[in-house]
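Enquirer: sequence and predicted structure, then a few things I'm wondering about:
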Amino acid sequence: MYLLGFSFIVFFIPLADAHHVLGRPAYSLNEDSNTPPSMNIETQIGDYFVTAMVFPAFPKPKEAGRINLYATHTGTNQPLNADVRFTVRDDSWFSANIEQLGAQVLDDNVYRQGFMFFNRGDYIITASFVADGEHYSIDFPLRVGDPLPIGLLGIVVTFVLVLLAGVTIVQRKKLLRSKSRDEITTRSGSVSS
């Protein structure tokens, strides 16, 4: 009897699935976490292969973050050994404000630059260095905080739709006025004759 009850429990009653993974959620990890980065960029620029990563997974305003930059020479596979300067600017059409994040030296084959943004938004991080007499510069985007629910394109589309609706309403009223004016004119003309 016990065996029958046990087999019923094991085979016919569904087990509860885990609804989370034990440990810390990725959105609450700081710049010292070992979780995957929010962004991983790999590119070749000149004689260097560059990899840039941004931590934490979801940067938030007023929370510390970190950029890791790896650069190796494509011919020798040796890491870059020069100062790397990090700057940031707003990712907008009309922003000319460039701020210095800092300059970093090679540390264990990686350049680490910390950051903290106080406002949410989209930014462009620039990492630049000089090697063998040539200037190199890499730009990559960074979103801090949640994206805005409606972007520039949404605002433009909404404006155009409201404008079209307004023009349609005004034209319809003009048409109704002219029709009623024509009807009044034809009625008064037929009464006087």
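Expert: That came through fine.

Enquirer: how is this structure partitioned into domains?
Expert: 23-144, 150-193 (automatic domain parsing).

Enquirer: contacts for the helix or strand hosting residue 40, please.
Expert: Element membership for residue 40 (DSSP states H and E) is strand 39-45. The contact list for strand 39-45 (CB atoms under 8 Å, 6 or more residues apart in numbering) reads 49-54, 74, 136-138, 140-142. C-betas here are computed from N, CA, C, even on glycine.

Enquirer: could you dump that strand to PDB, C-alpha only?
Expert: Extracted as PDB, the C-alpha positions of strand 39-45 are listed here (Å, rounded to 0.1, in the frame of the first residue of the first chain):
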ATOM      1  CA  MET A  39      28.100  44.900 -23.400                       C
ATOM      2  CA  ASN A  40      31.000  43.100 -25.100                       C
ATOM      3  CA  ILE A  41      32.500  44.800 -28.100                       C
ATOM      4  CA  GLU A  42      35.300  43.300 -30.200                       C
ATOM      5  CA  THR A  43      36.900  45.200 -33.000                       C
ATOM      6  CA  GLN A  44      40.100  45.500 -34.900                       C
ATOM      7  CA  ILE A  45      41.500  49.000 -35.300                       C
END
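
Enquirer: list the buried residues for that strand?
Expert: 39, 41 (16 or more other CB atoms under 10 Å).

Enquirer: I'd like the average pLDDT over the following helix or strand past that strand.
Expert: Heading C-terminal from strand 39-45, the first helix or strand you meet, by DSSP H and E, is strand 48-55. Mean pLDDT, computed over strand 48-55, is 91.
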